[in-house]
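In: Following is a predicted model, sequence given first.
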Amino acid sequence: MAGSVVDNGMGVTLVGGTSGFTGELISLSVGGMTREAIEVSHMAIATPTAPDFGGKAFIPADLSDPGNITFTVHANTGQATANVPPINSAAETWTITWPQTGAETAATWVCTGFVTDTTLNMEMEAPVTFDITVKLTGTQNTTAAV
């Protein structure tokens with residue numbers, strides 16, 4: 001796209017609104033967004049002949065699955081409560097903020113979700129980290145950088 005600016009992930013933050021969970025992000029991705037296809041085939045549809053194929057008819061579902069946020073943070077055991085992922089917490093607001101080159105305000109993605117999976121990673125001579133998955137639910141909101 002002409003005129004677009006590609007940014008790297010430096011400065012990206014993620015904060016849980018109720019739990020206050022945050023951490024030194026190493027990586028973050030939002031994926032698994034899906035939309036169901038509803039089959040509407042019926043007996044009056046003609047069977048295709050070679051070389052044609054298919055024949056089943058579908059319409060898109062009105063609602064989509066917002067997917068998951070997956071991220072890795074340093075496990076900061078020096079904090080009073082440590083940054084233990086809120087695995088037993090109710091759904092909360094999660095805000096992803098990332099600066100954009102040339103913009104005065106950062107872009108944001110405000111989501112609702114709950115932690116479904118955590119993994120504590122420990123290796124010799126390596127930082128201790130958490131891998132965390134947040135299942136998104138409901139409608140998500142994005143705000144472009146300005």
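Out: Perfect, thanks for sending it.
In: Would you mind confirming that Glu24 is in contact with Asn76?
Out: Yes: with contact defined as Cβ atoms under 8 Å, Glu24 reaches Asn76; the gap is 7.1 Å. The C-beta positions use only the backbone N, C-alpha and C, and glycine is treated the same way.
In: Which one's more surrounded, the two?
Out: Taking Glu24 and Asn76 together and counting by other Cβ atoms under 10 Å, Asn76 has the greater number of neighbours (16 against 13).
In: Which strand or helix spans that one?
Out: Counting by DSSP states H and E, Asn76 is held by no secondary-structure element, helix or strand.
In: tell me the pLDDT at it?
Out: Here the pLDDT value assigned to Asn76 is 76.
In: try Asp7
Out: With respect to pLDDT, Asp7 has a value of 75.
In: for the chain, longest strand please?
Out: Counting by DSSP state E, the longest strand found in the chain is strand 107-121.
In: That one pairs with which strands, and in what direction?
Out: Paired strands of strand 107-121, with direction, are strand 92-98 (antiparallel), strand 129-136 (antiparallel), strand 141-143 (antiparallel) (DSSP bridges).
In: Of those, which stretch is the most buried?
Out: strand 129-136 (a mean of 20; mean count of other Cβ atoms under 10 Å).
In: Let's see that one as CSV, backbone CA atoms only.
Out: As requested, the backbone C-alpha atoms of strand 129-136 are provided in CSV (Å, rounded to 0.1, in the frame of the first residue of the first chain):
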residue,chain,number,x,y,z
THR,A,129,9.0,-16.6,31.1
PHE,A,130,5.2,-17.2,31.0
ASP,A,131,3.4,-18.1,27.8
ILE,A,132,-0.2,-16.9,28.2
THR,A,133,-3.4,-17.3,26.1
VAL,A,134,-6.4,-15.1,26.6
LYS,A,135,-9.7,-16.2,24.9
LEU,A,136,-11.5,-13.2,23.5
